[in-house]
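S.K.: dropping the sequence and predicted coords here.
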Amino acid sequence: MRSLYAESPPAKQGRASAAQEKPLLPAFGETEARAAVEYEPRPVKDLLIEMKDIAELIVDLAYSALIFDSEEIAEEVHRLEARMYRLRYLLRLQVMLSTRTLADAQMMLGILQVAGAGGAIANAAGDIAKVLSSELEYRPLAPFILKGSGERIRLVSVAEASPLTGNTLAELKLGTRLGTRVIAVRRGKRWSYDVHEDVVFKDGDQAIVTGTEEGIEQLRAIASGKQSFDEAARAQPSAAPLPQPPAQPGTKSETEAWFIEIKDTSDLMVDLAYSAILYNSREIAEEVETLEEEVDELVVKLQRRVLEEAIESKNVDKALILFHLSAAMEQIADAAREIADAALRDIQVHPVLVESVRESDVTVARAQVSEASTLGGKTLRQLQMATKTGMRVIAIRRGKKWIVGPGPEDRLEAADVLFMRGPPAAEERLRDLCSGKRKRL
């Protein structure tokens, strides 16, 4: 079998232009998908890494486009969607060139499944961003996307006196210090989405960041120039917020709660699916399958409820938008199940697929809490692990029991196996905390 790590000799192929169609709601990316793509020899691992990084970024950008009412961000989502189509096409060509026997083909199935699922995630993100080009009124949805979701998306402005100014992202280490991730930077009127560690913040920059509420609030204080990193950490209140009254059946808040649950669960499923690939874990893959069925049920409940509300209020726009967005989120959940399915087959997951997950911009890690660890006996709210280390706990295995998408009041215990998501630089620190080698966050 030809090595997936080596480039294949280039082949010549001309470009062909696709006929331009103009449907009511254009399917962005289809033009590129239909056009002939010039062959570009690249290792499969490199293609998979780029596809995973795009899948991580494009969904956040799609929600950002809605929240910040930005057609420019939506255009970037559609550009990335078209890029994903191209990468998927190139990967298929490379896999075909690398396959010689039935055994080769069987091992390649997982790679093709994950690549196809990445394309589906990009397509779903494109559908989310497409809302901006519709004539429907979507703005009332932005507030509860902002307030309710587990991972927040915010706009942060950088002042001249800020400790951020003049420093690169590599120097600032925002992911490991605050648990925040910069996904776009605007300088003047221009947005940049190619955010690398060598990006230098300047006075007046604006950044779209994702992360926990605590981490983003600390970053805002630092970006404004009012506090240093140490001052922002000390000023962060440790007290738990007052509990909110439960939603009553039939109220608007229940509809919104279902919407947020679908969004957060579908996002979580993607992380768990890649964990299943990385650790070749049938157990995690089966959890993803269970969650996908739960999302399907929630989508049906949500769509039934919004139809009832539309009849009562005669607000058809909101019902159509919620139908559209929940369908896109369901597509993300389906794609996660497709990724996880690669770990359920009685065929070894190809090593190149495992390495592509490990080496992407956002990684998943597994570590066990030892008796000597200071994490045992404390809740996730008390630890603020995501804020202080950048790694967010996405699942806990306690013996034979799974806690998927643990909440802030879930308490860690010795012998717990934690599955975490975050920047690769934070992985070693978390392992040291779990082992007891490191005592303080």
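M.R.: Looks like it came in fine.
S.K.: which parts of the protein are strands?
M.R.: Counting by DSSP state E, the chain has strands at residues 152-157, 180-187, 190-192, 206-211, 363-368, 392-398, 401-404, 417-422.
S.K.: find the nearest non-adjacent residue to the residue nearest the centre of the chain, please.
M.R.: The residue lying closest to the centre of the chain (C-alpha atoms, centre = their mean) is Glu56, at 4.1 Å. Once flanking residues are discounted, Glu56 sits nearest to Val362: 5.1 Å by C-beta to C-beta, 6 or more residues apart in numbering. Backbone N, C-alpha and C define where each C-beta goes, glycine included.
S.K.: which residues touch the one you found?
M.R.: Shown in contact with Val362 (C-beta atoms under 8 Å, 6 or more residues apart in numbering): 53, 56, 181, 421-423.
S.K.: and if you look at Ile277?
M.R.: Contacts for Ile277 were tallied using C-beta under 8 Å, 6+ apart; they are 110, 114, 339-340, 342-343, 349, 353-354, 357.
S.K.: and Pro406, how close does it get to Ala233?
M.R.: Counting by C-beta to C-beta, to the nearest Å, the separation of Pro406 from Ala233 is 23 Å.
S.K.: what do you get for Arg337?
M.R.: 39 Å.
S.K.: who has more neighbours, the two?
M.R.: Ranked by neighbour count (other C-beta atoms under 10 Å), Arg337 and Ala233 place Arg337 first, with 21 against 18.
S.K.: ok, how many other residues are close to the residue lying closest to that one once chain neighbours are set aside?
M.R.: Excluding its sequence neighbours, the residue lying closest to Arg337 (C-beta to C-beta, 6+ apart) is Glu292, at 4.3 Å. Residues lying near Glu292 (other C-beta under 10 Å) number 21.
S.K.: what's the answer for the one 3 residues further on, then?
M.R.: The local packing count at Val295 equals 24, with neighbours defined by other C-beta under 10 Å.
S.K.: how many other residues sit next to Val417?
M.R.: For Val417, the neighbour count with other C-beta under 10 Å is 15.
S.K.: want to throw the contacts of Val362 into CSV with pLDDT?
M.R.: Below are the contacts of Val362 laid out as CSV (pLDDT from 0 to 100):
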residue, pLDDT
Asp53, 92
Glu56, 89
Arg181, 90
Arg421, 88
Gly422, 87
Pro423, 86
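S.K.: got a markdown table for those residues, with distance to Tyr39 too?
M.R.: A markdown table is the format used below for the contacts of Val362 (distance: C-beta to C-beta, whole Å):
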| residue | distance to Tyr39 |
| --- | --- |
| Asp53 | 22 |
| Glu56 | 26 |
| Arg181 | 34 |
| Arg421 | 34 |
| Gly422 | 36 |
| Pro423 | 33 |
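S.K.: most neighbours among the residues you listed, which one is it?
M.R.: Highest neighbour count within these, by other C-beta under 10 Å: Gly422, with 27 neighbours.
S.K.: from Ala415, how far out is the closest residue to it other than its chain neighbours?
M.R.: Computed as C-beta to C-beta, 6+ apart, the closest residue to Gly422 that is not its neighbour in sequence is Met391, at 3.7 Å. Using C-beta to C-beta, Met391 is found at 19 Å from Ala415.
S.K.: when the two are compared, which one has more neighbours?
M.R.: Each of Met391 and Ala415 had its neighbours counted (other C-beta under 10 Å), and the higher figure belongs to Met391 (28 against 13).
S.K.: phi, psi for the more buried one please.
M.R.: Backbone torsions for Met391, taken as degrees, to the nearest 10, come to phi -100, psi 120.
S.K.: now Pro95, nearest residue through space, not along the chain?
M.R.: Rather than Pro, residue 95 is Val. Val95's closest residue in space is Met108 (C-beta to C-beta, 6+ apart), at 5.0 Å.
S.K.: how about low-confidence regions in this structure?
M.R.: Residues of the chain meeting the criterion pLDDT under 70: 1-37, 138-150, 236-253, 346-347.
S.K.: domains of it?
M.R.: Domain assignment of the chain by automatic domain parsing yields the ranges 150-233, 362-435.
S.K.: export these to a markdown table and tack on distance to Ala285?
M.R.: Formatted as a markdown table, the domains of the chain follow (distance: least, C-beta to C-beta, whole Å):
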| stretch | distance to Ala285 |
| --- | --- |
| domain 150-233 | 22 |
| domain 362-435 | 12 |
